[in-house]
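*Asks:* Quick one: sequence and predicted model below, then my questions.
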Amino acid sequence: MQIYKVGGAVRDRLLGRPVTEVDWVVVGASAEQMGELGYRPVGADFPVFLHPHTGEEYALARTERKSGRGYGGFTFHASPDVTLEDDLIRRDLTINAIAEDEHGQLYDPYGGQRDLAARLLRHVSPAFAEDPLRVLRVARFAARYAPLGFTVAPETLALMRQLSESGELRALTPERSWKEISRALLEPRPDVFIQVLRDCGALAELLPEIDVLFGVPQTAVHHPEIDTGDHVLRVLLQCAEHQQPLTVRWACLLHDVGKGLTPKAEWPRHIAHENKGYRLIKAINERCKVPRDCAELALLVGEYHTHSHRAIELRPSTLLELLQRFDVFRRPQRFEEFIAASEMDARGRLGLEQRPYPQAAYLRGAAARARAVAIQPLLENGLQGAELGEALQQERLKALKHYKQDYAEALKKGAETQP
(Lines give C-alpha, C1' and ligand atoms only; values in the text may rest on other atoms or scores of the structure.)
Protein backbone atom coordinates (compact mmCIF):
# COMPACT_ATOMS: atom_id res chain seq x y z
CA MET A 1 0.00 0.00 0.00
CA GLN A 2 1.30 3.46 -0.97
CA ILE A 3 -0.15 6.81 0.07
CA TYR A 4 0.26 10.04 -1.90
CA LYS A 5 -0.72 13.63 -1.27
CA VAL A 6 -2.67 14.86 -4.33
CA GLY A 7 -4.60 17.73 -5.85
CA GLY A 8 -4.83 21.22 -4.43
CA ALA A 9 -2.41 20.68 -1.55
CA VAL A 10 0.42 19.83 -3.96
CA ARG A 11 -0.59 22.50 -6.47
CA ASP A 12 -0.76 25.31 -3.94
CA ARG A 13 2.50 24.34 -2.23
CA LEU A 14 4.26 24.51 -5.60
CA LEU A 15 2.68 27.93 -6.20
CA GLY A 16 3.80 29.15 -2.78
CA ARG A 17 0.21 29.55 -1.63
CA PRO A 18 -1.20 28.54 1.78
CA VAL A 19 -2.40 24.94 1.94
CA THR A 20 -5.70 24.75 3.81
CA GLU A 21 -6.90 21.25 2.95
CA VAL A 22 -5.05 18.03 2.15
CA ASP A 23 -6.38 15.12 0.08
CA TRP A 24 -4.71 11.74 -0.14
CA VAL A 25 -4.92 8.84 -2.59
CA VAL A 26 -4.17 5.27 -1.57
CA VAL A 27 -2.70 2.88 -4.16
CA GLY A 28 -2.60 -0.90 -3.74
CA ALA A 29 -5.23 -1.23 -1.02
CA SER A 30 -8.79 -2.51 -0.72
CA ALA A 31 -11.74 -1.13 1.21
CA GLU A 32 -11.43 -4.03 3.61
CA GLN A 33 -7.80 -3.20 4.37
CA MET A 34 -8.70 0.44 5.01
CA GLY A 35 -11.37 -0.63 7.48
CA GLU A 36 -8.94 -2.95 9.27
CA LEU A 37 -6.56 0.00 9.69
CA GLY A 38 -9.28 2.06 11.37
CA TYR A 39 -10.25 4.31 8.44
CA ARG A 40 -13.94 5.22 8.44
CA PRO A 41 -15.84 4.98 5.12
CA VAL A 42 -17.67 8.06 3.81
CA GLY A 43 -20.97 7.12 2.19
CA ALA A 44 -21.43 4.36 -0.37
CA ASP A 45 -20.90 6.19 -3.66
CA PHE A 46 -17.13 6.71 -3.52
CA PRO A 47 -14.27 4.66 -2.02
CA VAL A 48 -13.33 7.51 0.35
CA PHE A 49 -12.29 7.10 3.98
CA LEU A 50 -11.55 9.38 6.92
CA HIS A 51 -8.25 9.00 8.76
CA PRO A 52 -8.89 7.63 12.27
CA HIS A 53 -6.93 10.47 13.91
CA THR A 54 -6.70 13.49 11.57
CA GLY A 55 -10.11 13.16 9.90
CA GLU A 56 -8.53 13.92 6.50
CA GLU A 57 -9.92 12.21 3.40
CA TYR A 58 -8.12 9.21 1.92
CA ALA A 59 -9.50 7.92 -1.39
CA LEU A 60 -8.66 4.60 -2.98
CA ALA A 61 -7.09 4.99 -6.41
CA ARG A 62 -9.88 4.58 -8.91
CA THR A 63 -10.88 4.82 -12.54
CA GLU A 64 -14.20 6.11 -13.82
CA ARG A 65 -16.35 5.59 -16.88
CA LYS A 66 -19.15 7.74 -18.27
CA SER A 67 -22.48 5.97 -17.79
CA GLY A 68 -25.10 8.72 -17.98
CA ARG A 69 -25.74 12.43 -18.24
CA GLY A 70 -24.53 15.12 -15.92
CA TYR A 71 -22.12 15.32 -13.04
CA GLY A 72 -23.30 12.08 -11.42
CA GLY A 73 -23.34 9.95 -14.57
CA PHE A 74 -20.20 7.92 -13.84
CA THR A 75 -19.31 4.39 -12.84
CA PHE A 76 -16.28 4.06 -10.56
CA HIS A 77 -13.85 1.17 -10.24
CA ALA A 78 -11.51 0.97 -7.24
CA SER A 79 -9.20 -1.98 -6.58
CA PRO A 80 -5.60 -2.63 -5.54
CA ASP A 81 -4.53 -2.97 -9.18
CA VAL A 82 -5.47 0.64 -10.11
CA THR A 83 -2.21 2.55 -10.56
CA LEU A 84 -1.37 6.10 -9.53
CA GLU A 85 -1.27 7.10 -13.21
CA ASP A 86 -4.73 5.57 -13.72
CA ASP A 87 -6.07 7.67 -10.86
CA LEU A 88 -4.40 10.93 -11.90
CA ILE A 89 -5.58 10.78 -15.51
CA ARG A 90 -9.23 11.00 -14.46
CA ARG A 91 -8.63 14.42 -12.85
CA ASP A 92 -9.68 17.67 -14.48
CA LEU A 93 -6.54 19.78 -14.91
CA THR A 94 -2.87 18.88 -15.18
CA ILE A 95 -2.03 21.19 -12.27
CA ASN A 96 -4.42 19.10 -10.14
CA ALA A 97 -2.91 15.80 -11.31
CA ILE A 98 0.39 15.97 -9.44
CA ALA A 99 1.07 13.56 -6.57
CA GLU A 100 3.65 13.69 -3.79
CA ASP A 101 4.88 10.78 -1.68
CA GLU A 102 5.94 10.80 1.97
CA HIS A 103 9.50 11.72 1.00
CA GLY A 104 8.46 14.79 -1.00
CA GLN A 105 9.04 13.06 -4.36
CA LEU A 106 6.69 14.43 -7.02
CA TYR A 107 4.88 12.25 -9.58
CA ASP A 108 3.73 14.29 -12.53
CA PRO A 109 2.91 12.06 -15.50
CA TYR A 110 0.74 14.64 -17.30
CA GLY A 111 2.84 17.81 -17.23
CA GLY A 112 1.30 19.67 -14.32
CA GLN A 113 4.55 21.37 -13.28
CA ARG A 114 5.10 22.52 -16.85
CA ASP A 115 1.65 24.12 -16.92
CA LEU A 116 2.19 25.70 -13.51
CA ALA A 117 5.27 27.39 -14.90
CA ALA A 118 3.43 28.41 -18.07
CA ARG A 119 0.44 29.62 -16.03
CA LEU A 120 -1.95 27.43 -18.02
CA LEU A 121 -5.15 25.67 -16.99
CA ARG A 122 -5.07 22.62 -19.25
CA HIS A 123 -7.18 19.46 -19.18
CA VAL A 124 -5.50 16.14 -18.45
CA SER A 125 -7.27 14.00 -21.06
CA PRO A 126 -10.19 14.06 -23.54
CA ALA A 127 -12.29 12.49 -20.75
CA PHE A 128 -12.52 16.06 -19.41
CA ALA A 129 -15.45 16.58 -21.78
CA GLU A 130 -17.47 13.84 -20.06
CA ASP A 131 -18.13 15.92 -16.91
CA PRO A 132 -20.11 19.17 -17.38
CA LEU A 133 -19.27 20.36 -13.87
CA ARG A 134 -15.69 20.83 -15.03
CA VAL A 135 -16.73 23.82 -17.11
CA LEU A 136 -17.65 25.64 -13.93
CA ARG A 137 -14.63 24.34 -12.04
CA VAL A 138 -12.14 25.53 -14.67
CA ALA A 139 -13.82 28.95 -14.81
CA ARG A 140 -13.58 29.07 -11.00
CA PHE A 141 -9.89 28.18 -11.07
CA ALA A 142 -9.41 30.91 -13.68
CA ALA A 143 -11.03 33.37 -11.26
CA ARG A 144 -8.78 32.20 -8.42
CA TYR A 145 -5.47 32.20 -10.25
CA ALA A 146 -5.94 35.11 -12.65
CA PRO A 147 -3.90 37.39 -10.33
CA LEU A 148 -0.97 34.98 -10.86
CA GLY A 149 -1.34 35.25 -14.63
CA PHE A 150 -3.15 31.96 -15.30
CA THR A 151 -5.33 31.58 -18.39
CA VAL A 152 -7.32 28.69 -19.86
CA ALA A 153 -5.48 26.74 -22.55
CA PRO A 154 -7.15 27.17 -25.98
CA GLU A 155 -7.67 23.43 -26.41
CA THR A 156 -9.32 23.22 -22.98
CA LEU A 157 -11.57 26.17 -23.78
CA ALA A 158 -12.57 24.33 -26.97
CA LEU A 159 -13.60 21.27 -24.92
CA MET A 160 -15.54 23.52 -22.55
CA ARG A 161 -17.34 25.00 -25.55
CA GLN A 162 -18.10 21.48 -26.79
CA LEU A 163 -19.63 20.65 -23.42
CA SER A 164 -21.68 23.85 -23.41
CA GLU A 165 -23.06 23.14 -26.87
CA SER A 166 -23.88 19.50 -26.02
CA GLY A 167 -26.65 20.38 -23.58
CA GLU A 168 -24.86 18.52 -20.78
CA LEU A 169 -24.82 21.64 -18.60
CA ARG A 170 -28.59 21.38 -18.29
CA ALA A 171 -28.12 18.04 -16.55
CA LEU A 172 -26.36 19.72 -13.62
CA THR A 173 -28.49 20.05 -10.52
CA PRO A 174 -29.12 23.61 -9.30
CA GLU A 175 -27.41 22.73 -6.03
CA ARG A 176 -24.17 21.68 -7.74
CA SER A 177 -24.21 24.69 -10.06
CA TRP A 178 -24.86 27.11 -7.20
CA LYS A 179 -22.05 25.61 -5.14
CA GLU A 180 -19.57 26.33 -7.93
CA ILE A 181 -21.04 29.74 -8.78
CA SER A 182 -21.06 30.91 -5.18
CA ARG A 183 -17.48 29.76 -4.61
CA ALA A 184 -16.33 31.40 -7.83
CA LEU A 185 -17.95 34.72 -6.98
CA LEU A 186 -15.86 34.81 -3.80
CA GLU A 187 -12.58 34.30 -5.68
CA PRO A 188 -10.15 37.21 -6.25
CA ARG A 189 -11.42 37.74 -9.83
CA PRO A 190 -15.13 36.86 -10.07
CA ASP A 191 -15.27 38.89 -13.28
CA VAL A 192 -12.89 36.37 -14.88
CA PHE A 193 -15.25 33.55 -13.91
CA ILE A 194 -18.11 35.20 -15.81
CA GLN A 195 -15.88 36.07 -18.78
CA VAL A 196 -14.58 32.50 -19.12
CA LEU A 197 -18.12 31.12 -18.96
CA ARG A 198 -19.09 33.53 -21.70
CA ASP A 199 -16.05 32.66 -23.83
CA CYS A 200 -17.01 28.98 -23.88
CA GLY A 201 -20.76 29.50 -24.32
CA ALA A 202 -21.65 28.29 -20.81
CA LEU A 203 -22.98 31.65 -19.63
CA ALA A 204 -25.72 31.54 -22.28
CA GLU A 205 -26.74 28.12 -20.94
CA LEU A 206 -26.54 28.81 -17.21
CA LEU A 207 -27.29 32.54 -16.88
CA PRO A 208 -28.67 33.72 -20.24
CA GLU A 209 -30.03 36.88 -18.59
CA ILE A 210 -26.43 37.95 -17.92
CA ASP A 211 -25.10 36.78 -21.27
CA VAL A 212 -27.48 39.00 -23.25
CA LEU A 213 -26.18 42.13 -21.48
CA PHE A 214 -22.97 42.02 -23.51
CA GLY A 215 -23.41 44.30 -26.48
CA VAL A 216 -26.22 46.30 -24.87
CA PRO A 217 -25.13 49.99 -24.79
CA GLN A 218 -25.74 52.51 -22.00
CA THR A 219 -25.48 56.30 -22.01
CA ALA A 220 -21.84 57.36 -21.99
CA VAL A 221 -22.41 60.21 -19.53
CA HIS A 222 -23.28 57.72 -16.78
CA HIS A 223 -21.39 54.71 -18.14
CA PRO A 224 -18.16 55.64 -19.95
CA GLU A 225 -17.58 51.91 -20.54
CA ILE A 226 -20.83 51.88 -22.62
CA ASP A 227 -21.36 48.10 -22.70
CA THR A 228 -23.67 46.73 -19.97
CA GLY A 229 -21.92 43.38 -19.78
CA ASP A 230 -18.57 45.12 -19.39
CA HIS A 231 -20.10 47.21 -16.60
CA VAL A 232 -21.24 44.08 -14.73
CA LEU A 233 -17.71 42.65 -14.91
CA ARG A 234 -16.28 45.91 -13.57
CA VAL A 235 -18.77 45.91 -10.70
CA LEU A 236 -17.76 42.35 -9.77
CA LEU A 237 -14.11 43.39 -9.80
CA GLN A 238 -14.93 46.25 -7.43
CA CYS A 239 -16.70 43.76 -5.16
CA ALA A 240 -13.54 41.67 -4.98
CA GLU A 241 -11.27 44.64 -4.40
CA HIS A 242 -13.50 45.84 -1.56
CA GLN A 243 -13.88 42.29 -0.17
CA GLN A 244 -17.67 42.26 -0.32
CA PRO A 245 -19.59 39.20 0.94
CA LEU A 246 -21.39 36.73 -1.32
CA THR A 247 -24.77 38.42 -0.84
CA VAL A 248 -23.42 41.68 -2.26
CA ARG A 249 -21.56 39.98 -5.12
CA TRP A 250 -24.63 38.01 -6.20
CA ALA A 251 -26.79 41.16 -6.09
CA CYS A 252 -24.20 43.04 -8.14
CA LEU A 253 -24.10 40.31 -10.76
CA LEU A 254 -27.86 40.58 -11.29
CA HIS A 255 -28.53 44.28 -10.64
CA ASP A 256 -28.83 45.34 -14.29
CA VAL A 257 -30.51 42.31 -15.92
CA GLY A 258 -33.55 44.48 -16.71
CA LYS A 259 -31.47 46.31 -19.34
CA GLY A 260 -31.45 43.12 -21.37
CA LEU A 261 -35.20 43.63 -21.94
CA THR A 262 -34.89 47.16 -23.36
CA PRO A 263 -35.96 47.28 -27.04
CA LYS A 264 -33.07 48.25 -29.34
CA ALA A 265 -35.05 51.26 -30.54
CA GLU A 266 -34.76 52.73 -27.02
CA TRP A 267 -30.99 52.19 -26.61
CA PRO A 268 -28.89 53.52 -24.94
CA ARG A 269 -31.56 54.59 -22.42
CA HIS A 270 -33.07 51.97 -20.13
CA ILE A 271 -36.22 53.45 -18.65
CA ALA A 272 -37.60 51.52 -15.65
CA HIS A 273 -35.01 48.77 -16.03
CA GLU A 274 -35.20 48.31 -12.26
CA ASN A 275 -38.84 47.23 -12.43
CA LYS A 276 -38.33 45.18 -15.58
CA GLY A 277 -35.48 43.29 -13.97
CA TYR A 278 -37.44 42.26 -10.88
CA ARG A 279 -39.15 39.25 -12.45
CA LEU A 280 -35.91 38.15 -14.12
CA ILE A 281 -33.99 38.25 -10.84
CA LYS A 282 -36.81 36.34 -9.14
CA ALA A 283 -36.71 33.69 -11.88
CA ILE A 284 -32.90 33.34 -11.66
CA ASN A 285 -33.06 32.99 -7.88
CA GLU A 286 -35.67 30.26 -8.15
CA ARG A 287 -33.94 28.44 -11.01
CA CYS A 288 -30.57 28.41 -9.24
CA LYS A 289 -32.11 27.68 -5.82
CA VAL A 290 -30.25 30.62 -4.34
CA PRO A 291 -30.14 30.90 -0.53
CA ARG A 292 -32.68 33.30 0.92
CA ASP A 293 -30.24 36.02 2.05
CA CYS A 294 -28.66 36.25 -1.41
CA ALA A 295 -32.03 36.07 -3.20
CA GLU A 296 -33.66 38.80 -1.11
CA LEU A 297 -30.78 41.23 -1.41
CA ALA A 298 -30.56 40.70 -5.19
CA LEU A 299 -34.25 41.57 -5.60
CA LEU A 300 -33.94 44.68 -3.46
CA VAL A 301 -30.74 45.91 -5.08
CA GLY A 302 -32.16 45.35 -8.55
CA GLU A 303 -35.24 47.38 -7.70
CA TYR A 304 -33.70 50.18 -5.66
CA HIS A 305 -30.04 50.72 -6.63
CA THR A 306 -30.89 53.88 -8.55
CA HIS A 307 -32.66 55.17 -5.42
CA SER A 308 -29.31 54.91 -3.69
CA HIS A 309 -27.57 56.86 -6.44
CA ARG A 310 -30.19 59.62 -6.09
CA ALA A 311 -30.41 59.38 -2.28
CA ILE A 312 -29.48 63.00 -1.58
CA GLU A 313 -32.21 64.18 -3.97
CA LEU A 314 -34.96 61.93 -2.56
CA ARG A 315 -37.90 63.48 -0.74
CA PRO A 316 -38.06 62.57 2.96
CA SER A 317 -41.22 60.53 2.33
CA THR A 318 -39.48 58.50 -0.40
CA LEU A 319 -36.44 58.05 1.82
CA LEU A 320 -38.65 56.73 4.62
CA GLU A 321 -40.35 54.32 2.22
CA LEU A 322 -36.91 53.05 1.19
CA LEU A 323 -35.87 52.48 4.79
CA GLN A 324 -39.13 50.65 5.52
CA ARG A 325 -38.82 48.52 2.40
CA PHE A 326 -35.50 47.25 3.71
CA ASP A 327 -36.91 46.76 7.21
CA VAL A 328 -33.96 48.82 8.39
CA PHE A 329 -35.32 49.05 11.94
CA ARG A 330 -35.04 45.29 12.45
CA ARG A 331 -32.52 44.27 9.78
CA PRO A 332 -29.87 47.02 9.59
CA GLN A 333 -27.24 44.68 8.09
CA ARG A 334 -29.28 44.12 4.95
CA PHE A 335 -29.45 47.89 4.39
CA GLU A 336 -25.67 48.07 4.82
CA GLU A 337 -25.26 45.42 2.14
CA PHE A 338 -27.61 47.35 -0.15
CA ILE A 339 -25.48 50.49 0.29
CA ALA A 340 -22.34 48.46 -0.43
CA ALA A 341 -23.82 46.94 -3.61
CA SER A 342 -24.94 50.37 -4.82
CA GLU A 343 -21.49 51.80 -4.22
CA MET A 344 -19.88 48.94 -6.15
CA ASP A 345 -22.29 49.70 -9.00
CA ALA A 346 -21.23 53.36 -8.96
CA ARG A 347 -17.53 52.46 -8.91
CA GLY A 348 -17.79 49.77 -11.59
CA ARG A 349 -17.54 52.32 -14.40
CA LEU A 350 -14.61 53.15 -16.63
CA GLY A 351 -12.46 55.83 -15.02
CA LEU A 352 -14.82 56.31 -12.04
CA GLU A 353 -13.45 53.58 -9.79
CA GLN A 354 -12.11 56.10 -7.25
CA ARG A 355 -15.01 58.56 -7.42
CA PRO A 356 -16.43 59.39 -3.97
CA TYR A 357 -19.85 57.99 -3.11
CA PRO A 358 -21.33 60.44 -0.54
CA GLN A 359 -24.70 58.73 -0.89
CA ALA A 360 -23.40 55.93 1.36
CA ALA A 361 -22.83 58.22 4.34
CA TYR A 362 -26.09 60.06 3.62
CA LEU A 363 -28.13 56.86 3.67
CA ARG A 364 -26.43 55.64 6.86
CA GLY A 365 -27.14 58.98 8.49
CA ALA A 366 -30.78 58.87 7.43
CA ALA A 367 -31.19 55.37 8.82
CA ALA A 368 -29.60 56.40 12.11
CA ARG A 369 -31.82 59.49 12.39
CA ALA A 370 -34.97 57.46 11.72
CA ARG A 371 -33.93 54.73 14.18
CA ALA A 372 -33.28 57.36 16.86
CA VAL A 373 -36.99 58.29 17.02
CA ALA A 374 -38.17 57.16 20.45
CA ILE A 375 -41.39 55.18 20.76
CA GLN A 376 -41.75 55.60 24.54
CA PRO A 377 -43.23 59.15 24.46
CA LEU A 378 -45.91 57.92 22.06
CA LEU A 379 -46.77 55.05 24.37
CA GLU A 380 -46.94 57.43 27.32
CA ASN A 381 -49.48 59.46 25.36
CA GLY A 382 -51.69 56.37 25.28
CA LEU A 383 -51.26 55.57 21.59
CA GLN A 384 -51.77 51.95 20.55
CA GLY A 385 -52.19 49.80 17.46
CA ALA A 386 -52.71 51.62 14.18
CA GLU A 387 -52.62 55.03 15.86
CA LEU A 388 -49.23 54.24 17.36
CA GLY A 389 -47.92 53.06 13.98
CA GLU A 390 -49.14 56.19 12.21
CA ALA A 391 -47.70 58.49 14.88
CA LEU A 392 -44.33 56.70 14.75
CA GLN A 393 -44.38 57.06 10.96
CA GLN A 394 -44.98 60.80 11.22
CA GLU A 395 -42.23 61.25 13.81
CA ARG A 396 -39.75 59.40 11.61
CA LEU A 397 -40.79 61.47 8.62
CA LYS A 398 -40.30 64.64 10.64
CA ALA A 399 -36.85 63.42 11.68
CA LEU A 400 -35.89 62.79 8.06
CA LYS A 401 -37.11 66.26 7.03
CA HIS A 402 -34.84 67.78 9.67
CA TYR A 403 -32.02 65.50 8.56
CA LYS A 404 -32.34 66.64 4.94
CA GLN A 405 -32.35 70.30 6.05
CA ASP A 406 -29.34 69.78 8.30
CA TYR A 407 -27.46 68.06 5.49
CA ALA A 408 -28.20 70.89 3.04
CA GLU A 409 -27.08 73.51 5.54
CA ALA A 410 -23.87 71.60 6.28
CA LEU A 411 -23.10 71.43 2.56
CA LYS A 412 -23.76 75.14 2.20
CA LYS A 413 -21.48 76.01 5.10
CA GLY A 414 -18.82 73.72 3.71
CA ALA A 415 -19.02 75.42 0.32
CA GLU A 416 -18.78 78.86 1.93
CA THR A 417 -15.60 77.93 3.79
CA GLN A 418 -13.87 76.62 0.66
CA PRO A 419 -10.96 78.87 -0.49
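*Replies:* That came in fine, so what should we check first?

*Asks:* Could you pull up the residues touching the closest residue to residue 326 other than its chain neighbours?
*Replies:* In this structure, residue 326 finds its nearest non-sequential neighbour in residue 335, 4.5 Å apart by Cβ to Cβ, 6 or more residues apart in numbering. Just so you know, the C-beta spots here come from the backbone N, C-alpha and C atoms, and that holds for glycine as well. Taking Cβ atoms under 8 Å, 6 or more residues apart in numbering, we find residue 335 in contact with 323, 326, 328, 363, 367.

*Asks:* So the second one is in contact with residue 300, correct?
*Replies:* The reference is to residue 326. Yes: Residue 326 lies in contact with residue 300 (Cβ atoms under 8 Å); the separation is 6.5 Å.

*Asks:* Which neighbours do these two have in common?
*Replies:* 334, 338.

*Asks:* Just give me the longest helix of this protein.
*Replies:* For the chain, the helix with the greatest residue count under DSSP state H is helix 385-416.

*Asks:* what packs against that one?
*Replies:* helix 316-325, helix 358-371, helix 376-380 (3 or more Cβ pairs under 8 Å, 6 or more residues apart in numbering; DSSP states H and E).

*Asks:* Contact partners for the residue nearest the centre of the chain?
*Replies:* Centroid-nearest residue in the chain, with Cα atoms, centre = their mean: residue 185, separated by 2.3 Å. Residue 185 is in contact with 193, 236, 246, 249-250, 253, counting by Cβ under 8 Å, 6+ apart.

*Asks:* Dump the helices and strands packed on helix 385-416 into JSON lines; add mean neighbour count as well.
*Replies:* As requested, the helices and strands packed on helix 385-416 are exported to JSON lines (neighbours: other Cβ atoms under 10 Å):
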{"stretch": "helix 316-325", "mean neighbour count": "18"}
{"stretch": "helix 358-371", "mean neighbour count": "18"}
{"stretch": "helix 376-380", "mean neighbour count": "12"}
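
*Asks:* Let me see the mean pLDDT of stretch 350-362.
*Replies:* Stretch 350-362 carries an average pLDDT of 97.

*Asks:* my bad, should have said stretch 103-111
*Replies:* Across stretch 103-111, pLDDT averages out at 97.

*Asks:* What's the end-to-end length of it?
*Replies:* 20 Å (Cα to Cα, to the nearest Å).

*Asks:* residue ranges of the strands in the stretch 1-150 of the chain, please?
*Replies:* 2-6, 23-27, 40-41, 48-50, 57-60, 62-66, 74-78, 99-100, 106-107, 120-121 (DSSP state E, counting those that start in this stretch).

*Asks:* Would you format these as TSV with mean neighbour count included?
*Replies:* Formatted as TSV, these follow (neighbours: other Cβ under 10 Å):
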stretch	mean neighbour count
strand 2-6	19
strand 23-27	20
strand 40-41	13
strand 48-50	20
strand 57-60	20
strand 62-66	15
strand 74-78	15
strand 99-100	22
strand 106-107	16
strand 120-121	22
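
*Asks:* Comparing these, which yields the minimum mean pLDDT?
*Replies:* strand 74-78 (a mean of 71).

*Asks:* And the nearest residue to residue 12 once chain neighbours are set aside, how far from residue 53?
*Replies:* Residue nearest to residue 12 in three dimensions, not counting chain neighbours: residue 19, with 5.1 Å by Cβ to Cβ, 6+ apart. Taking Cβ to Cβ, to the nearest Å as the measure, residue 19 falls 19 Å from residue 53.

*Asks:* likewise residue 318?
*Replies:* Taking Cβ to Cβ, one finds residue 318 at 61 Å from residue 53.

*Asks:* again, but for residue 139
*Replies:* 36 Å.

*Asks:* between the two, who's got more neighbours?
*Replies:* For residue 139 versus residue 53, the count of surrounding residues by other Cβ atoms under 10 Å is larger for residue 139: 29 against 7.

*Asks:* show me what contacts the residue nearest to the more buried one when sequence neighbours are not counted?
*Replies:* Closest residue to residue 139 apart from its sequence neighbours, by Cβ to Cβ, 6+ apart: residue 196 at 4.1 Å. With contact set as Cβ under 8 Å, 6+ apart, residue 196 has these partners: 138-139, 142-143, 152, 157, 160.
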